[in-house]
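*Asks:* model this:
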Amino acid sequence: MDAAEYENIAALEQEHWYYSGKRRLVRDWIQRVRPPQATDLLLDCGAGTGLFAQEMEARCRVLVLDDHEEALRLLRTRFRPEQILSLAGDQVPLPDGSLAYVTALDVLEHVPDDAAVVRGFHRLLQPGGLAVVTVPAGMALWSDWDVALHHFRRYNRGQLRALFPADKWEIVHANYTNVLAYPAVWAVRKWRAWRKGGGAAEGAARTEDKMPPPFVNALLRAQFARLAHWRLPFPFGVSLVLVARRRERLNSAES
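*Replies:* Numbers count the residues shown, from 1 in each chain. Okay, here's the model as predicted:
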C-alpha cells in the first residue's frame, strides 16, 4: 500500500467498525477453536500497523511480519526488534512447525501468488496449528478502494477454500462477513464509480476513510463481529473469514 493508506488506517483503526470488528472476530475465533497459552507463538503476516498483534500479546507470544517500509516503521514503535520479521527472499525466516497460529488479516489479496503464501503457512504451523485469514469478498464490489490498496483480487468462498486443500487442512469455518453492510457498500461504490465516470473530481474523500457517527459505527461493528460466528452459510458479504487447522502429518514426507 501507499504511505498515505497506512496513515488512513492508523488514524481510524482503533475505533472504526471495520478494523475493530475484524480484529475482534479473529480474536474470538482463535479463542473458540484453540484458546492460546502463554507459551504459544503467533505470527501476524502483513501486520501493517501492528495493532492486532499488539492486542494478542496479552494472550500469547507474538511475531510480526511485513515487507513495506511504512509498515515496518510503525511496527518498530510497538514491538522489540527481535519480534519483527522481514521476508528472506520469498521465505519467512522461521523453522518448520514453529508456530501455533498464523494470522493474515486482509493480506492474501495483496500478493500475486496467494497459494504459495498459504503453503508457507502450512510449513510454519505445527500439526493442529491454526491459520485465520480474512479477505475482501465479491468482485462485484471491486472499486477505486481496491485499486488504491493494490489488491489483485476479491474472493468468493469457493476460491478462498480452494487455497486450503483437504489433504493438508481441516477447514473449521469459512463464511462471508459484513452481510448486512453489503447493500450499502455496493451502492456507495457503484455511485462513486458513476460519479468518476461523469468527471467527478479526483481525490475526494472516500466513505471508507471516514468515521461514521458513533451509533452507526457501533451497530456496524456489532453485526460484523456477531454474524461472523454464525454457521449459517451466507450467500454474500463484504468480506470473508476462514479458520483452518493444519492436519497431522500422515507420512514422513510431505509434498
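*Asks:* okay, and for the stretch 101-250 of the chain, where does confidence drop off?
*Replies:* Applying pLDDT under 70 to the stretch 101-250 of the chain flags residues 198-209, 250.
*Asks:* Can you show me the strands along it?
*Replies:* Assigned by DSSP state E, counting those that start in this stretch, the strands in the stretch 101-250 of the chain fall at 125-136, 169-177, 239-246.
*Asks:* Do you have the helices of the stretch 101-250 of the chain handy? List them.
*Replies:* Secondary structure of the stretch 101-250 of the chain (DSSP state H, counting those that start in this stretch): helices at 114-124, 144-148, 157-162, 182-197, 214-227.
*Asks:* Need the contact partners of stretch 31-44.
*Replies:* Applying CB atoms under 8 Å, 6 or more residues apart in numbering, the contact partners of stretch 31-44 are 30, 50, 52-53, 56, 59-65, 85, 92, 94, 98-105, 124, 128, 130, 172-173, 229, 243, 245. Backbone N, C-alpha and C define where each C-beta goes, glycine included.
*Asks:* Got a ChimeraX select line for the buried ones in those residues?
*Replies:* With 16 or more other CB atoms under 10 Å as the burial test, the buried ones among the contacts of stretch 31-44 are selected in ChimeraX as follows:
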select :30,50,52,53,56,59,60,61,62,63,64,65,85,92,94,99,100,101,102,103,104,105,124,130,172,173,243,245
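*Asks:* Same list (the helices of the stretch 101-250 of the chain) but as TSV, adding distance to Asp44.
*Replies:* Shown next, in TSV, are those (distance: least, CB to CB, whole Å):
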stretch	distance to Asp44
helix 114-124	12
helix 144-148	22
helix 157-162	19
helix 182-197	25
helix 214-227	19
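*Asks:* Select, out of these, the one closest to Leu75.
*Replies:* When those are compared for distance to Leu75 using CB to CB, the nearest one is helix 114-124, at 18.7 Å.
*Asks:* Please tell me how far the nearest residue to Arg245 once chain neighbours are set aside sits from Arg34.
*Replies:* Nearest residue to Arg245 in three dimensions, chain neighbours excluded: Glu170, at 4.5 Å (CB to CB, 6 or more residues apart in numbering). Going from Glu170 to Arg34 by CB to CB, to the nearest Å gives 12 Å.
*Asks:* neighbour-wise, which of these two wins?
*Replies:* Shown here are Glu170 and Arg34; by other CB atoms under 10 Å, Arg34 has more neighbours (18 against 14).
*Asks:* Distance of that one relative to Gly128?
*Replies:* 8 Å.
*Asks:* Please enumerate the shared neighbours of these two.
*Replies:* Contacts common to Arg34 and Gly128, judged by CB under 8 Å, 6+ apart, are Arg245.
*Asks:* Go ahead and list the helix or strand containing Ser20.
*Replies:* If you go by DSSP states H and E, Ser20 is part of helix 17-33.
*Asks:* how close does the residue nearest the centre of the chain sit to Thr177?
*Replies:* In the chain, the centroid-proximal residue (CA atoms, centre = their mean) is Leu105; its distance is 1.4 Å. Distance, Leu105 to Thr177, by CB to CB: 12 Å.
*Asks:* Lovely, talk soon.
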